[in-house]
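Engineer: Below is the sequence, then the predicted model.
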Amino acid sequence: MTRITSPFSRLLLWLLASLLAGCVDPYKPDVLSSPRSYLVVDGFINTQGVTTIKLSRTFAISSLPKVPAETRATAYIEDATGARYNLVESPVGIYTSAYLNLTPGRAYRLRIATVAGVLYASDFVPAKITPPLDAVDWRPENAGMGIYVSAHDDARATQYYRWEYEETWEIIPSVRPVLEFYNNAIIPIRVPYPTLCWGNERAVAIQLAKTTALNKDVVSDFLLRRLARTSERLFRRYSILVQQHALTKEEYAYWEALQKNTESLGTLFDPQPSQLTGNVHCLSNDAELALGFVGAHSLAQKRIFIERGQLPLDWPYNNGYAGCFPPDTLDPKVRVIPFFSSGYSVPVSQVPGTYLISSPDCVDCRRRGSATRPSFW
């Protein structure tokens, strides 16, 4: 490496850096500061089940801590003959129907009236039947555990597929306190912390496949998910629920564009973001935007479980609490009452002359999941 020792050379470099810095203007796109708020419609018409639609509003990233829900709206599903199927709001911003059994091939759409009286409607779309999942398989690989899905449609009526999945796993903390700080004193614990919790996460990645270029409408061993060998989700018991959607060509194009906008924007060679509006339109004002695509199809789903004993013996165990064991020791010179009153530490047990302590994150698995056993577990 060449070292620059000349003062003149260093001065030139400094001037160049100053000029370059002066040429950079802060980029503040209008959308970040725009006060406009557009309706966002998230969901699909479930032709053989309960339809769930989430209504919310767009917002500036820096203005709100959470997505604002669109409340007190009136929503219903309408078919081409004028028949209506009402949706009821519960909880806030979530609108659900009764169990539906809609006619395949018939056209349906969603209609919405906000509390302010603004009317929206999605385009009419044909009701499709989603074929069942043939298999949800998993296998250990060098890169970790791969989870694969397979499906087919002998009638070639599907061709465009989308998958979602939800994961559930057991959480077992390493540290189990026998003491607690209560009423300015350390006493035997009255209500023990849970020794087992369940983590749960719904994937946000968009998973798509199409079979239009194939002789048969078959999807075989599509890689849906890969977990690292060291994943804490594989510590004892893991489950994944896979949901399959049959899309129209237009709905597939919408999800594909959304996938590119959200997941393929990291280099100069990635596609540039494009504006997505979907098939929902404002009937009260043609210039008013609405975001989302409402399709109409049934839902196919399949759940599998994976036990720790099914995994290779050389895969490491990781319960996610590696930094929590062994517990720390509390210096006996520290005043105990103000120390535990802060809430940052929990007394675990007592040893001669001192206490063993840990953080709430290490002893309370409810901070990482729920202590309520799932109904399917």
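Structural biologist: Structure received.
Engineer: which non-adjacent residue is nearest Arg225?
Structural biologist: Spatial nearest neighbour of Arg225, excluding adjacent residues (CB to CB, 6 or more residues apart in numbering): Ile147 at 4.2 Å. Quick note: C-beta positions are derived from backbone N, CA and C, even for glycine.
Engineer: what does Cys197 give?
Structural biologist: Nearest residue to Cys197 in three dimensions, chain neighbours excluded: Cys365, at 3.6 Å (CB to CB, 6+ apart).
Engineer: Verify the stated contact: the one you found with Trp169.
Structural biologist: No: taking contacts as CB atoms under 8 Å, Cys365 lies outside contact range of Trp169: 11.5 Å.
Engineer: number of nearby residues for Pro91?
Structural biologist: For Pro91, the tally of surrounding residues (other CB atoms under 10 Å) stands at 8.
Engineer: tell me the pLDDT at it?
Structural biologist: Looking at Pro91, its pLDDT is 95.
Engineer: How about the contacts made by it?
Structural biologist: When contacts are counted by CB atoms under 8 Å, 6 or more residues apart in numbering, Pro91 touches no other residue.
Engineer: what kind of secondary structure is it in?
Structural biologist: The three-state label given to Pro91 by DSSP: H, G, I helix; E, B strand; the rest coil is coil.
Engineer: re earlier: go ahead and measure how far the strand or helix carrying the residue nearest to Arg225 is from the middle of the chain.
Structural biologist: For Ile147, the host element (DSSP states H and E) is strand 144-152. Offset of strand 144-152 from its chain centre (CA atoms, centre = their mean, to the nearest Å): 19 Å.
Engineer: For that strand, give me every contacting residue.
Structural biologist: With CB under 8 Å, 6+ apart as the test, strand 144-152 has contacts from 131-139, 158, 161, 163, 165, 216-229, 231, 234, 240, 242, 244, 300, 306, 311.
Engineer: Show me which of the residues you listed are buried.
Structural biologist: With burial judged by 16 or more other CB atoms under 10 Å, the buried subset of the contacts of strand 144-152 is 131, 133-134, 136, 138, 158, 161, 163, 165, 217, 219, 224-225, 227, 229, 231, 234, 240, 242, 244, 300, 306, 311.
Engineer: Check which residues of stretch 79-93 are buried.
Structural biologist: The neighbour-count check on stretch 79-93 (16+ other CB under 10 Å) flags Asp79, Tyr85, Leu87, Glu89, Gly93 as buried.
Engineer: The third one against Ala75, yeah?
Structural biologist: I take that to be Leu87. Yes: the pair Leu87 / Ala75 is scored as a contact, 4.2 Å apart, by CB under 8 Å.
Engineer: which residues do these two both contact?
Structural biologist: Taking CB under 8 Å, 6+ apart as the contact rule, the neighbours common to Leu87 and Ala75 are Ile53, Tyr95.
Engineer: could you list every residue that touches Tyr321?
Structural biologist: Pro173, Ser174, Val175, Cys362.
Engineer: Closest one of the residues you listed to His281?
Structural biologist: The shortest distance between His281 and any of the contacts of Tyr321, using CB to CB, involves Pro173 and amounts to 50.8 Å.
Engineer: Could you check the pLDDT of the closest residue to the closest one other than its chain neighbours?
Structural biologist: Residue nearest to Pro173 in three dimensions, not counting chain neighbours: Cys365, with 4.9 Å by CB to CB, 6+ apart. Looking at Cys365, its pLDDT reads 97.
Engineer: Longest strand of the chain, counting residues only.
Structural biologist: Across the chain, the strand with the greatest residue count (assigned by DSSP state E) is strand 160-171.
Engineer: What is the next helix or strand after that strand packed up against?
Structural biologist: For strand 160-171, the succeeding helix or strand toward the C-terminus, using DSSP H and E, is strand 179-182. Contacting strand 179-182 under the criterion 3 or more CB pairs under 8 Å, 6 or more residues apart in numbering; DSSP states H and E are the following elements: strand 185-188, strand 346-351.
Engineer: can you tell me which of these the model trusts least?
Structural biologist: Lowest mean pLDDT of these: strand 346-351, a mean of 84.
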